[in-house]
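J.: Quick one, fold the following:
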Amino acid sequence: TARSKKQIATAVKGNASLSPKANYVYWFSMADTAWFSYAVATDKTLKLTQRTKVKFADEEDDHPDYPSPYGAAGWTADDQLFIAYDRYDLWAFDPTNNKAPVNLTKVGRQEKIVFRYVKLDTEERFIDPSKELLLTAFNETTKASGYYKLSMKDGKLTKLLMDNYRFGGTVKAKLGNQIIFTRESFREFPDVWTADLNLSAPKRISDANPQMKNYLWGNVELVNWTSLDNIPLTGLLYKPENFDPKKKYPMIVYFYERESDNLHGHITPNPLRSAINRTTYVSDGYVVFVPDIIYKIGFPGESAHNCIMPGITQLISKGFIDEKNIGIQGHSWGGYQTAYLITRTDMFKAAEAGAPVANMISAYGGIRWESGLSRMFQYEKSQTRLGGSLWEKPMLYIENSPIFFADKIKTPLLLLHNDADGAVPWYQGIEMYMAMRRLDKPVWMLNYNGEPHWPVKRENRMDFQIRMKQFFDHYLKGTDMAPWMKDGVPAIEKGITKGY
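T.: As a prediction, this is how the structure comes out:
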């Protein structure tokens, strides 16, 4: 057959794919927040999602850019139906638009349960509508998860298992009707479990971490409060084992953006690259608070302040937090927000900021050394959410930069910034460090030579975790100041003198 080439769409922000039998080209247009299909035989392009009121791109997105799609489960046999996700449900679309879209799972939105298709056969090219589909389910409110099954023949949706755990890694036996999966919670290691396809009588088949029972572990719960902008928020509160509400505990606040969906995430006590290990700190008598943050375009620093601070004051009002001994820790985007927060409040007795952007003006003009990309997209459209260029909104670049308000800081600060950081140029850490030294404020900077955005080598991760723990223990628990904090480590003795 002769080859031919034809342009079928222009100026599309999104990726196009072929249906399994190549009868259709389909894509999600980010600008239209809609799914489209192009029929090869008839040369017709159709907007599939125009007859539904729900959104097929991230409803909660708070960036000054197009939101990302929720994705798709795939196509049924013979390119009959295209199945895409909204926030909660699975929707079946007729690629010719002759039939109205059908909500297959129906109850997702009203029950706030997120359903997603589990592809049990890795070589499957299309979904067989005569078979029952296995779906994962996640309850947005309670954070419980589990499995449902869906029959496309009669539209019946059946709950198989919902529990206060996180389930994952679902794999089906090649020949039998058994599946294996992991089940985890903060207090339960993700061991391997097995069950039949109806999830009846699941059995645990591994015991990978029996030594856990010898240690004080702690517990986690959801907490709710309202931001200063009147937004209802959720966060995670980790409490020590044998918690006594009549006692006062030192607290560390750790955050990034939104973390509350990770309520049932298991955290093994290992030297993490850039964050406090919640298990380690809780086991040592700290309370750890992990608040969600929702951003207002143009005001990322203030958004963090307005979400986090009322969460802390509400916890203090419960009586078990030692309000004089609260620390804060974050890395990268969390490091920036930490550096910003200590210019706005004196509530924190100690702060650690890893790879923070201190000066949005100099950072805007920089390069992400790893990818070679200009950093400008980050500020205008992406995570920093300023919503305009430096010349359109110069004051926002100043107002959101900790460096311009470093004279207000009263909180001792520990910085981590490595000289091979490919994401945030380490000059940002240097600028923050030099500003605080010039202003005669207590500041320390750790740099692991040759390491990227965070320490990767295990010995460096261990070293960082030891120093960060010594820093917080000194300020929040009153332990002696470590020699590296008191006297520093001269450059020529780096790697020789630990100063612990």
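
J.: Assess the claim that Thr105 and Tyr85 are in contact.
T.: No: counting by C-beta atoms under 8 Å, Thr105 stays clear of Tyr85, with 9.6 Å between them. To be clear about C-beta, it is placed using only N, CA and C from the backbone, and glycine gets the same treatment.

J.: and those two? which has more neighbours close in?
T.: Set Thr105 next to Tyr85 and count neighbours by other C-beta atoms under 10 Å: Thr105 wins out with 25 against 20.

J.: phi, psi of the more buried one?
T.: With angles defined as degrees, to the nearest 10, Thr105 sits at phi -100, psi -20.

J.: quick one, what contacts Ser200?
T.: Leu160 (C-beta atoms under 8 Å, 6 or more residues apart in numbering).

J.: which SS class is Leu135?
T.: Classification of Leu135 using DSSP: H, G, I helix; E, B strand; the rest coil returns strand.

J.: What's the local residue count around it?
T.: 24.

J.: For stretch 89-109, which residues meet the burial criterion?
T.: 89-95, 97, 101-106, 108 (16 or more other C-beta atoms under 10 Å).

J.: Got phi/psi on the nearest residue to Leu104 once chain neighbours are set aside?
T.: For Leu104, ignoring the flanking residues on the chain, the nearest one in space by C-beta to C-beta, 6 or more residues apart in numbering is Leu90 at 4.4 Å. Per-residue torsions, Leu90: phi -100, psi 130 (degrees, to the nearest 10).

J.: Against Ile179, how distant is Leu90?
T.: Per C-beta to C-beta, to the nearest Å, Leu90 is found 20 Å from Ile179.

J.: what about the biggest strand by length in the chain, average pLDDT?
T.: Looking across the chain with DSSP state E, the single longest strand is strand 321-331. Mean pLDDT, computed over strand 321-331, is 98.

J.: Point out the other elements, helices or strands, that that strand touches.
T.: strand 249-254, helix 300-317, helix 333-344, strand 350-354, helix 458-477 (3 or more C-beta pairs under 8 Å, 6 or more residues apart in numbering; DSSP states H and E).

J.: Other residues contacting that strand?
T.: Applying C-beta under 8 Å, 6+ apart, the contact partners of strand 321-331 are 248-256, 274-276, 287, 312, 315-316, 336-338, 341-342, 347-356, 416, 454, 468, 472, 475-477.

J.: And the pLDDT at Thr1?
T.: So, for Thr1, pLDDT stands at 68.

J.: ok, back up a step: overlap of the contact sets of Thr105 and Tyr85?
T.: Phe115.

J.: gap between Pro129 and Phe115?
T.: Taking C-beta to C-beta as the measure, Pro129 and Phe115 are separated by 17 Å.

J.: if you count what's nearby, which of the two comes out ahead?
T.: More crowded of Pro129 and Phe115, by other C-beta under 10 Å: Phe115, with 25 against 16.

J.: That one contacts Leu133, doesn't it?
T.: No: using C-beta under 8 Å, Phe115 is not in contact with Leu133; the gap is 9.7 Å.

J.: between the two, what contacts are shared?
T.: Residues touching both Phe115 and Leu133 by C-beta under 8 Å, 6+ apart: Leu150.

J.: Which of the contacts of strand 321-331 are buried? Put it as a ChimeraX command.
T.: Burial among those is assessed by 16+ other C-beta under 10 Å; the matching ChimeraX selection reads:
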select :249,250,251,252,253,254,255,256,274,275,276,287,312,315,316,336,337,338,341,342,347,348,349,350,351,352,353,354,355,356,416,454,468,472,475,476
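
J.: So, low pLDDT: which residues of the protein?
T.: 1 (pLDDT under 70).

J.: just the helices in it please.
T.: For the chain, helices defined by DSSP state H occupy the ranges 108-111, 278-283, 300-317, 333-344, 360-364, 376-380, 394-399, 427-438, 458-477, 483-486.

J.: Between the ones you listed, which one is closest to Ser29.
T.: Across the helices of the chain, Ser29 has its closest neighbour in helix 376-380 (20.0 Å, C-beta to C-beta).

J.: so of the buried residues of stretch 89-109, which ones are in strands?
T.: Short answer: the buried residues of stretch 89-109 in strands (DSSP E) are 90-93, 102-103.
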